[in-house]
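Colleague: Sequence first, then the predicted structure:
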Amino acid sequence: MKYLPGVPRALAVRGTGVNVTDEGFVQAIALGAVPALKSPPTLVLPSGWFKPRRIIEASLRTTTRLRLVEAVERGVDFERVTFEPLAG
C-alpha cells in the first residue's frame, strides 16, 4: 500500500491545444500541499499524461487551465505531477 501526501479532491482533466481533437475529460486527483513534508500541491494523472509544460483543463466546479511542470512520482498506472495555474 502506498500513501500519497495531501488532502485528496476528485476532479476531471482533459488536454488542450491545436493537436487535441475533442478530447473528453478523464478522472484525476488533486492533492493539497503538505508544508511539513515540503510537498507541493500535485495532481495524480493517468500514466502517459505528463509532458513538461503541457497545458490541460481541470474541472471541479469551474474549469481552470493548468501547466504541468514536473513529474514527482510514477507508478504502474499513475503519474503524480506538479503544476501551475494559468491566468485567463
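Modeller: Now that the structure is in, tell me what you want to look at.

Colleague: Excluding residues flanking it in the chain, which one is nearest Leu11?
Modeller: Counting by Cβ to Cβ, 6 or more residues apart in numbering, Leu11 lies nearest to Leu60, which is 4.6 Å off, once chain neighbours are set aside. Placement of C-beta: from N, CA and C, glycine included.

Colleague: That neighbour against Gln27, yeah?
Modeller: No - contact criterion Cβ atoms under 8 Å: Leu60 and Gln27 do not qualify, at 11.9 Å.

Colleague: Now do the shared contacts for the two.
Modeller: 11-12 (Cβ atoms under 8 Å, 6 or more residues apart in numbering).

Colleague: which residues sit in contact with Pro5?
Modeller: 31, 34, 37, 39.

Colleague: er, Leu66 I mean
Modeller: 43, 55-58, 83-86.

Colleague: Among those, which lie within helices?
Modeller: Among the contacts of Leu66, no residue falls in helices (DSSP state H).

Colleague: mind giving me JSON lines with the residues you listed and columns for distance to Thr64?
Modeller: As requested, the contacts of Leu66 are arranged in JSON lines below (distance: Cβ to Cβ, whole Å):
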{"residue": "Leu43", "distance to Thr64": "11"}
{"residue": "Ile55", "distance to Thr64": "11"}
{"residue": "Ile56", "distance to Thr64": "9"}
{"residue": "Glu57", "distance to Thr64": "7"}
{"residue": "Ala58", "distance to Thr64": "5"}
{"residue": "Phe83", "distance to Thr64": "10"}
{"residue": "Glu84", "distance to Thr64": "11"}
{"residue": "Pro85", "distance to Thr64": "6"}
{"residue": "Leu86", "distance to Thr64": "8"}
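
Colleague: With that, I have no additional questions.
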